[in-house]
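# whatever this is, show me its structure:
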Amino acid sequence: MAKFTYRMQNILDIKIKMENQAKIAYSAANAKLAEEQDALRAIMVRRAGYERQARELASGSLNLREIKECRNAIEVMKGRQRTQLMNVHAAERNVELARKALNEVMVERKTHEKLREKQFEEFKYELQKAESKEIDELVSYNYHDS
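Model (predicted):
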């Protein structure tokens, strides 16, 4: 029996490897985004703690040095929060780029798989045609012998 071989199997294999690499890159970008978002949350919680502490210091006995230190800490946290927001947005852009790259590679792989499937269907049709021809020849040979 004839064996089916896809002429562009090596290209399909490369497309599959590229898709796997794109999946890994996408998951790494997602992990980085989650990490950046966690860091942002931690900064926001810390800033809220400083703000709460500043309100408590302002309502109790006034210690100007502690109030000033607390306000400075709040300003530092605001700066860190802005920086972290930029990091989160950059990570979101990277996730979007990785998603687009993954989508593109998946489309290419699916295209090659469809081509392979079409070629396999043609192979089966040709095989069936050859088999039918052999059967006809065999029947014809047997009929003329009798």
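
# who are the contact partners of the most centrally placed residue in the chain?
Taking CA atoms, centre = their mean, the centroid of the chain lies closest to Tyr26, which sits 3.2 Å from it. Taking CB atoms under 8 Å, 6 or more residues apart in numbering, we find Tyr26 in contact with Val95, Ala98, Arg99, Ala101, Leu102. Where C-beta positions appear, they are placed from N, C-alpha and C, glycine not excepted.

# average pLDDT across the longest helix belonging to the chain?
Across the chain, the longest stretch assigned as helix under DSSP state H is helix 64-145. On average, the pLDDT along helix 64-145 is 92.

# return the distance of that helix from the chain's centre.
8 Å (CA atoms, centre = their mean, to the nearest Å).

# which other helices and strands does it contact?
Under the contact definition 3 or more CB pairs under 8 Å, 6 or more residues apart in numbering; DSSP states H and E, helix 64-145 sits against helix 9-59.

# state the mean pLDDT of the helix it packs on.
95.

# run the angle between it and helix 64-145 for me.
160 degrees (axes from the mean of the first three to the mean of the last three CA atoms, to 10 degrees).

# what's the offset of helix 9-59 from the middle of its chain?
Worked out by CA atoms, centre = their mean, helix 9-59 lies 14 Å from the chain centre.

# tabulate the contacts of Tyr26 (JSON lines), appending neighbour count and distance to Lys17.
Output for the contacts of Tyr26, formatted as JSON lines (neighbours: other CB atoms under 10 Å; distance: CB to CB, whole Å):
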{"residue": "Val95", "neighbour count": "20", "distance to Lys17": "22"}
{"residue": "Ala98", "neighbour count": "21", "distance to Lys17": "16"}
{"residue": "Arg99", "neighbour count": "15", "distance to Lys17": "19"}
{"residue": "Ala101", "neighbour count": "17", "distance to Lys17": "14"}
{"residue": "Leu102", "neighbour count": "20", "distance to Lys17": "13"}
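
# go through the residues you listed and name the one nearest Asp13.
Leu102 (17.8 Å; CB to CB).

# please tell me how far Glu66 sits from Asn72.
Separation of Glu66 from Asn72 (CB to CB, to the nearest Å): 11 Å.
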